[in-house]
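need a structure here:
(one chain, ligands or ions: 2)
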Amino acid sequence: MPDQPAYRLPRSAIPSRYELTLRPDLDAYTFSGSERVHIEVAAATREITLNAIELEITSAALVSVDGVTRHEGKVTYDENEQQVTVTLDSAIEPGAWLFDASFTGVLNDKLHGFYRSTFVDEQGTERVIATTQFESTDARRAFPCWDEPDFKAAFAVTLEVKDGLTALSNGHVVADDPIDGGYRRVRFAETMTMSTYLVAFVVGPLVVTEDVDAGGTPLRVACVPGKEHLAPFALEAGAHALAFFTDFFGIAYPAGKLDLVALPDFAFGAMENLGCVTFRETALLVDQSDASTTDLMRIADVVAHEIAHMWFGDLVTMKWWNGIWLNEAFATFMELLCVDSFRPEWKRWDAFATERAAALRIDGLEATRPVEIAVARPEEADAMFDVLTYQKGSAVVRMLEQYLGAEAFREGLRLYMQRHAYGNTETTDLWDAIEEASGEPARSIMDSWIYQGGYPLVTATPIGADRVRLSQSRFRYGGGANATWQVPVRVRHTAGEERVVLGDEPVEIAVSGAGPVVVNAGGWGFFRVRYEGDLRGRIAAGLASLSALERYNLLSDAWASALAGAAPATEALELMQAYGDETDPATWQLILAIAKTLRRVAPDHAGEFVGRLAAPAAARYGWEAQEGEDATAGTSRGIVLELLGGFSDDTRASVVKESRRRVEAAESDPAALPGDVRRAALQTVARHGDEADLTRLLEGMRTASTPQDETQYRAALAEFTHPALVRRVCDLCLTEIRSQDVSPLLMLILAGAHPAVAWEWVEANWDTLLERLPSNLVTRIVLGVVETVDQALAARIRAFLETHPIPVGGATVRQYLELMDTHVAFATRESAALASSLGS
Ligand code: BES
Ligand code: ZN
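Numbering: from 1, shown residues only. Ligands and ions are numbered 1, 2, ... in the order given. So this is what the prediction gives:
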C-alpha cells in the first residue's frame, strides 16, 4: 500500500497467532513479557513494523518456523506513531516466520493499557490488581502487536503470577504449575481468531464465584473479596443474555467460558474482552433485595450489551474505527431487546426514550456530526464514543427494525453474522445482508441517517377534514437549515394506520375520525413532529389514547420547539399540565428535566408550578411500594419525590422532613430508605443541608455496603447549595474520589446550584484534571455546563474552553458550548414571560 498514511501499519507482515507470556509485579508496578508471533511475510524484507508504546523492547528477532535460523533485530521507536520498526541483520525471504520479542513496561494508573487498580481489603491493607483496557488502541501498551482491528489472530496467553493471586484471561485455564520464586505459571486456552483490542489479562487478589452452567458455557463473576454476595443478579442476567443471543443469532457463543470481572478502577462502564468481560463495580455487583429498579436495569443493560458484543464486535468486527458506531449502536440495540425479554415488566423500550432524547438534543445542534465519520488517526477513535454513536445509532437501528419488522430484521442479522464470522466488515455489509433478507431498500433509507448529521422536523398540516399533509425540514435549535431524509413515517388516526416513506416532496394522506392524528405512531421515528391547525388540540385532548413513548415524544417535541424559539415556552408548559396522571418513568424524567431548566430561568416561580403538577402524583405514589403496583411504579415514585424535594414550595416542607427522617433512620435500619426512593431522599437532604449533612453523606459514601449506594451518596454531594460546601465537594475530587468517579460528580456539581463557583474551581484545577483523568472523561465534565443560563458565566466558560482544548474532545465540546448558548438565548427570551405565567 504505497499511499497509506504513516499511522497505519504496512500489510507486508500479517500475524496469525500470538504466544504471549506476561509477568506482572504488583508491588513494583511493573511487568515483563515475551511473545512469539506467527507471521506471514509478503515480500523479502529487512524490516518489520508493528505497534508499541511505553514499552521497552529488550530483544527482537525473526526466527524460521523450524527454529533453525535466527535474525536478530535492532529496534527503533517512533513514539509519535506509536510504532516500532525492527531492522534485521539481513533480509528474510517471504513466507511464514516467527517474530520473537521480550519487553518490559509499567503498570500505569491511567486506566488504559496494562494498568493497576487498587482497593483496601478487609484487613485494611491496600491491595493491587493488574488489569487491562485495550480498546481502542492500547494493546500496544502491553505487548508489541499489530494493533489494528483487521489484523485478527489467535492468542495463547500465559500469565506468571505470585502464589495466592487469581489470574484471568480470555480462555479457560489449561495448566497451572508452580515455578521459581513463589510464582505460578498459568496457561490459558487459545482464543478464536480475533482483534488485539479484545485481549485481556487480570491478575490480583480476586475471588471467583462457582461456575454457573449457562447452556453449556461456564459463567462466573470475579470481584474483590467480600463482594461475592453481590454477584447473583449479574449471573442471572448473564445466563439469560447468553441464551438469548445464541438463539437470536443462531450461532453458538464463540468462546469457551465467560468471566464477568468487577474492577475497583475502570474508565468506562464495561469492556467486551472475549470471554473475560471487565466492568466497573457499579455496573456488575448489586444487592438485588435492596436496589432500585433503575440500578438493576443498569446492570442487566451493561451485561447484555457486552455479551451482545461477543457476537457483534468480537466474532464479526469492524475493519477500521469508523465502524465503531455500528459496533456500539448494535450492541446497544441488542442490549435493549435482550433486557426487554429478561424483564418485560420493566418496559425497557419505554425507558429508552430518555436515551434517545439525549441524542435528539445533541443532534439538533449545528455542531453535530454524522453517525459515521471517517476516522484517520487511531486516537480519533476515542472521540467516537458519544451519544451520537450509542444513542442516535441505536435509535435509528430501532427505527429500521420497526419499519422492516422484527423477523425480517433478525434474518438479515443472522445472514450477516454467518457470512462474516471471524472476519471484518464495513457498515454496508450489514445493509446488504438486511436487504437480501428483507427485500427492502435498507441501504438507501439508512444512508440518509448515517452519513448526514441532524434529523427532520415533520410538519403535519390539516388539508380539509380528512387529509393531512406531511413535509419535512431539518430541525435545529438555532433554526434554518436545509436537508432531507428518507423518513419512514407511521400515522395513526381513528380508523387505522398509514405508512409512508417521506422524501423531498410533501405527501398527503387520508385520515378519518375526529380523534387524534398521531404522526410518528409507535414513537420510533428519529424525528420531531409539529402539529398545525386543529391537529395540536386534537392530540393534546387524546393524550390518554397515546402510548408511553408517544406521550413522551409529544412533550419532548413541544419543549424542543420552545428551546428553539419556534413556539413560546408557555405552549409546552400548558401541554405539560395535562401530564399529572402520567405513569411512565421516562416521561416523569422529562418533566423533571424541564423543571430544572425552569428553576434556572425563573427561580422564584418554578416551585409553585412544579408543585401543582407533581403533588397529586406524589400523594398517589407515597414513599413505599404498594401492593400490586406496576414494576415501573417505584421508578416514577423516586422521580416524583425528587421533583418535589427540589422544587415545590408548598409540599417541599413535608418531602424535606420525610427525606431527612428516612436518611437518618437508614443509618440503623436500611429498610427505612427503599431503593427506589433512596436517591431522591439523599438529594433532598443535601439540597437543604448544612455542614453536618455533608459529614453524614460522606460517611454514608465511605461505609456504603453496595457500589450503587456509594454512587448515590456521592452523587448527592453535588446537591449542596451553600457555596462553601460546593467548594469542599469539588476539593474531594482531587483527594478521596477515585479518578473513575470524578467526571460524573463534577458534571453534576456544574449543573447544580452554583455553576459559577464550580466552574471557577474547574478552571483552577484544570491541569490536574487533565493529568489525572483520561481525556474523554474530562470532556464529560463539560457536559455539566450545557444548561448554564447566566450570560457572563457562559462567556467565561466559552473563552476558557477555546483556549484550553481537550485532546480529541473538540467536537463534543463545541456541541456542549452551542447547547449552552441555546439555553442562554432561551433564558433571555423567556425569563420575563415565564416569571409572570408560572406565578399565576
Ligand atoms: N466497547 C465499549 C467500551 C469502551 C468505551 C471502550 C469507550 C473504549 C472506549 C463497551 O462495549 C461499552 O459500550 N461500554 C459502555 C457501557 C454500555 C452498556 C453502553 C460504557 O462503558 O459506557
Ligand atoms: Zn459497547
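
my read is Val174 is in a strand, agree?
Yes: going by DSSP: H, G, I helix; E, B strand; the rest coil, the assignment for Val174 places it inside a strand.

wait, it sits on Ala189?
Yes: using C-beta atoms under 8 Å, Val174 makes contact with Ala189 at a distance of 5.2 Å. Where you see a C-beta, it was placed from the backbone N, CA and C, and this is true even at glycine.

more neighbours: which of those two?
Ala189 (18 against 13; other C-beta atoms under 10 Å).

residues in contact with the residue nearest to Gly364 when sequence neighbours are not counted?
Residue nearest to Gly364 in three dimensions, not counting chain neighbours: Tyr477, with 5.1 Å by C-beta to C-beta, 6 or more residues apart in numbering. With contact set as C-beta atoms under 8 Å, 6 or more residues apart in numbering, Tyr477 has these partners: 364-365, 560, 563-564, 818-819, 822.

against Glu818, how distant is Tyr477?
Tyr477 sits 8 Å away from Glu818, going by C-beta to C-beta, to the nearest Å.

shared neighbours, those two?
Counting by C-beta under 8 Å, 6+ apart, the common neighbours of Tyr477 and Glu818 are Leu365.

right, and the helix or strand after the strand or helix carrying Ser556?
Here Ser556, judged by DSSP states H and E, is contained in helix 548-564. Using DSSP H and E, the helix or strand that follows helix 548-564 in sequence is helix 569-577.

list the buried residues of that following helix.
The neighbour-count check on helix 569-577 (16 or more other C-beta atoms under 10 Å) flags 569, 572-573, 575-576 as buried.

what residues does the stretch 701-840 of the chain put near ligand 1?
On the criterion C-beta under 6 Å from any ligand atom, ligand 1 has no neighbours in the stretch 701-840 of the chain.

so what's Gly226 closest to, chain neighbours aside?
Nearest-residue entry for Gly226: Glu122, 5.4 Å, with adjacent residues in sequence omitted and distances by C-beta to C-beta, 6+ apart.

now do the one you found against ligand 2, distance only.
Glu122 sits 33 Å away from ligand 2 when distances are taken as C-beta to the ion, to the nearest Å.

thought that residue was touching Val207?
No: using C-beta under 8 Å as the test, Glu122 is too far from Val207 to be in contact (11.3 Å).

shared neighbours of those two, which are they?
Overlap of the contact sets of Glu122 and Val207 (by C-beta under 8 Å, 6+ apart) consists of Pro225.

the more surrounded of these two?
Val207 (14 against 8).

right, and that one touches Glu228 too?
Yes: Val207 is in contact with Glu228 according to C-beta under 8 Å; the separation is 5.3 Å.

the residue of the chain positioned farthest from its centre: which element?
Of all residues in the chain, the one whose C-alpha sits farthest from the chain's mean C-alpha position, using C-alpha atoms, centre = their mean, is Val68 at 50.3 Å. Following DSSP H and E, one finds Val68 outside all helices and strands.

tell me the pLDDT at it?
pLDDT recorded at Val68 is 96.

contacting residues for the residue in the stretch 701-840 of the chain that ligand 1 sits nearest to?
Residue of the stretch 701-840 of the chain nearest ligand 1, by C-beta to the nearest ligand atom: Asn776 (7.2 Å). Shown in contact with Asn776 (C-beta under 8 Å, 6+ apart): 382-383, 385, 808-809.
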